[in-house]
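Peer 1: Need a 3D model of the following:
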Amino acid sequence: MDGQLSDAWPTLPGMGDETATAGSPAGTVTAEPAARPRGPSLSPSRAGDFLTCPLLYRFRVIDRLPEPPSPAAVRGTLVHAVLERLFDRAAADRTPEAARALMEPEWARLLAGEPELGTLFDDDDQRALWLDEVSRMLDRYFTLEDPRRIEPAHRELCVEAELASGLRLRGYIDRLDVAPSGAMRIVDYKTGGSPPEEFEARALFQMRFYALTIWRAQGQVPKLLQLIYLGNGEIVRYEPDEADLLATERKIEALWRAIERATVNRDWRPRPGRICDWCAHQAICPAFGGTPPPVPDSQVRPDEVPEPRDGDSPV
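Peer 2: Model (predicted):
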């Protein structure tokens with residue numbers, strides 16, 4: 001972990017900087033034949049849910065129970081949106097002042113898409129305090145990287161790859177940097193602080209998942225995985241290798257087999273732990289004396305479930 005400025009990783013020819021329109025990815029890296037029927041799929045978020053608690057996976061994927069937005073989660077969404085749009089500007093204009101100037105228009109865009117977000121705050125003073133937290137996180141970002149020296153190859157990149165088993169991996173990468181040598185750096189922004197060991201493992205699994213997906217899609221192991229924690233200003237860097245990603249692949253395949261068994265047997269057990277403090281479903285969780293609803297007869301595919309907001313919550 002360190003707070004050094006990042007070296008510039010200019011964009012390779014043919015991998016231009018792209019920006020997403022609202023609700024759509026900036027680009028796609030895929031190894032899947034276009035005409036082939038899609039098999040089962042798994043994202044790092046859904047995989048993390050099952051690893052954390054099989055019942056949580058069921059509530060989100062099978063039952064699709066709503067989870068009310070929280071100020072922390074929406075703050076993460078806004079910070080991500082501002083940092084994505086910041087790279088629309090010329091390099092010299094990527095300043096703290098420019099980032100703060102993007103806060104209001106990006107918040108207005110989020111509100112236009114989801115008017116219910118306006119109910120998160122009791123009054124204007126509460127909203128102003130919340131925006132101050134967003135501003136502090138954006139200022140902290142500039143102590144960790146100098147965006148004037150970075151030209152991302154992609155932002156909010158959709159990546160997909162199909163494993164030999166037929167399982168399709170998919171996910172969205174906050175930022176992909178490509179050096180002149182072709183070396184790739186996967187960057188993920190976290191708006192919480194660097195987590196305790198049991199939560200950091202989930203974050204690193206997510207990054208290995210992305211690295212495996214890119215390796216299987218493009219045949220190249222990313223050089224560096226970088227987690228930027230804007231809550232406390234720390235950076236976690238990790239260099240994967242093929243052996244590491246093969247172990248991740250085996251873990252994902254075993255995880256998918258466990259998900260399939262749980263689906264067939266309708267056996268979704270809770271796994272109580274510290275992470276329960278952030279769960280929105282305690283009232284219907286057997287670990288807290290609740291009763292889950294009956295399992296729906298018509299079950300959805302994991303790829304039909306929206307990805308969660310980026311926020312401070314580890315679940």
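Peer 1: Residues contacting the one helix or strand Leu111 maps to, please?
Peer 2: Secondary structure assignment for Leu111, by DSSP states H and E: helix 96-113. Helix 96-113 has contacts (Cβ atoms under 8 Å, 6 or more residues apart in numbering) with 22-23, 74, 77-78, 81-83, 85-86, 89, 117-118, 131, 134-135, 138-139, 141-142. Every C-beta, even on glycine, is put in place using the N, C-alpha and C of the backbone.
Peer 1: part of a strand, is Pro294?
Peer 2: No - per DSSP: H, G, I helix; E, B strand; the rest coil, Pro294 lies outside any strand segment and is coil.
Peer 1: one step back: out of the contacts of helix 96-113, which end up buried?
Peer 2: 74, 77-78, 81-83, 85-86, 117, 131, 134-135, 138, 141 (16 or more other Cβ atoms under 10 Å).
Peer 1: out of those residues, which are inside helices?
Peer 2: 74, 77-78, 81-83, 85-86, 131, 134-135, 138, 141 (DSSP state H).
Peer 1: Send me the helix holding Leu111 as PDB with only the CA atoms.
Peer 2: Coordinates of each C-alpha in helix 96-113 appear next as PDB, following Å, rounded to 0.1, in the frame of the first residue of the first chain:
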ATOM      1  CA  PRO A  96      -9.500  19.100  -8.200                       C
ATOM      2  CA  GLU A  97     -11.500  22.200  -9.200                       C
ATOM      3  CA  ALA A  98     -12.800  20.500 -12.400                       C
ATOM      4  CA  ALA A  99     -13.700  17.400 -10.400                       C
ATOM      5  CA  ARG A 100     -15.700  19.400  -7.900                       C
ATOM      6  CA  ALA A 101     -17.400  21.300 -10.700                       C
ATOM      7  CA  LEU A 102     -18.700  18.000 -12.100                       C
ATOM      8  CA  MET A 103     -20.400  17.000  -8.800                       C
ATOM      9  CA  GLU A 104     -23.600  19.000  -9.300                       C
ATOM     10  CA  PRO A 105     -24.300  18.100 -12.900                       C
ATOM     11  CA  GLU A 106     -23.500  14.400 -12.300                       C
ATOM     12  CA  TRP A 107     -25.800  14.400  -9.200                       C
ATOM     13  CA  ALA A 108     -28.500  16.000 -11.300                       C
ATOM     14  CA  ARG A 109     -28.100  13.300 -13.900                       C
ATOM     15  CA  LEU A 110     -28.400  10.500 -11.300                       C
ATOM     16  CA  LEU A 111     -31.500  12.200  -9.900                       C
ATOM     17  CA  ALA A 112     -33.100  12.500 -13.300                       C
ATOM     18  CA  GLY A 113     -32.700   8.700 -13.800                       C
END
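Peer 1: Can you list the low-confidence ranges for the stretch 151-300 of the chain?
Peer 2: 195-199, 298-300 (pLDDT under 70).
Peer 1: Tell me the buried residues in the longest helix seen in the chain?
Peer 2: Ranked by residue count, the top helix of the chain under DSSP H comes out as helix 242-265. Residues of helix 242-265 classed as buried by neighbour count (16+ other Cβ under 10 Å): Leu245, Thr248, Glu249, Lys251, Ile252, Leu255, Trp256, Ile259, Ala262, Thr263.
Peer 1: Now it - C-alpha only, CSV.
Peer 2: Taking Å, rounded to 0.1, in the frame of the first residue of the first chain, the C-alpha atoms of helix 242-265 are listed here in CSV:
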residue,chain,number,x,y,z
GLU,A,242,-0.7,-17.4,-14.6
ALA,A,243,-0.6,-19.7,-11.6
ASP,A,244,-2.5,-17.3,-9.5
LEU,A,245,-5.2,-16.9,-12.2
LEU,A,246,-5.4,-20.6,-12.8
ALA,A,247,-6.1,-21.0,-9.0
THR,A,248,-8.8,-18.3,-9.3
GLU,A,249,-10.3,-20.1,-12.3
ARG,A,250,-10.5,-23.4,-10.3
LYS,A,251,-12.1,-21.5,-7.4
ILE,A,252,-14.7,-19.9,-9.6
GLU,A,253,-15.6,-23.2,-11.3
ALA,A,254,-16.0,-24.9,-7.8
LEU,A,255,-18.1,-21.9,-6.7
TRP,A,256,-20.4,-22.2,-9.7
ARG,A,257,-20.9,-26.0,-9.0
ALA,A,258,-21.8,-25.1,-5.5
ILE,A,259,-24.3,-22.5,-6.8
GLU,A,260,-25.8,-25.1,-9.1
ARG,A,261,-26.2,-27.6,-6.3
ALA,A,262,-27.8,-25.0,-4.1
THR,A,263,-30.2,-24.1,-6.9
VAL,A,264,-31.2,-27.7,-7.5
ASN,A,265,-31.6,-28.5,-3.8
